[in-house]
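Asker: Provide a 3D model corresponding to the input given below.
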Amino acid sequence: MPVVDARAVLSNLDDPRFTVLDARGPERFSGDVEPMDPVGGHIPGALNRPFAHNVGTDGRFKPSAQLRQEFESLLGGRLDRGIVHQCGSGITACHNLFAMELSGLRGSALYPGSWSEWCSDPERPVARGA
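Answerer: Residues are numbered from 1 along each chain as shown. I've put the predicted structure just below:
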């Protein structure tokens, strides 16, 4: 699976080549609640797609066509640039990555360091709010 590191994400801020998709819940993404890391918020320019949105009320992945429609609706023309998934520590980002693959939207990458790595360096910018 393709992966990117913090340097690639940082350089992407000034010259966007991909879109960062954050799998954490909206309260962590916005920075309103941060139970794990010392800093709340998100990577500037990231979009939020909580991984829990990939499953139905029965706990199973939604049908692939529905997932595709939801990801396309959120990402729009950004799909052509590529998607890099992240979350708090790289685990639930894999849920979104798999859901995109299941929907036929292939070729995403993972930022395994995710928010925990990103916010550990006070020199890296942090965004707050939705």
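
Asker: next, the buried residues of the host helix or strand of Ser11.
Answerer: Assigned by DSSP states H and E, Ser11 belongs to helix 6-14. Of the residues in helix 6-14, those buried under the neighbour-count criterion (16 or more other C-beta atoms under 10 Å) are 6, 9-10, 12. Where you see a C-beta, it was placed from the backbone N, CA and C, and this is true even at glycine.

Asker: how far does it sit from the chain's center?
Answerer: Distance, stretch centre to chain centre, for helix 6-14: 14 Å (C-alpha atoms, centre = their mean, to the nearest Å).

Asker: do you have the helices of the chain handy? List them.
Answerer: Secondary structure of the chain by DSSP state H: the helices cover 6-14, 26-30, 64-75, 92-102, 114-118.

Asker: which strands or helices does the last one pack on?
Answerer: Under the contact criterion of 3 or more C-beta pairs under 8 Å, 6 or more residues apart in numbering; DSSP states H and E, helix 114-118 touches helix 6-14, strand 83-86.

Asker: coming back round to it: same list (the helices of the chain) but as CSV, adding mean pLDDT.
Answerer: Written out in CSV, the entries for the helices of the chain read as follows (pLDDT from 0 to 100):
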stretch, mean pLDDT
helix 6-14, 97
helix 26-30, 98
helix 64-75, 98
helix 92-102, 98
helix 114-118, 98
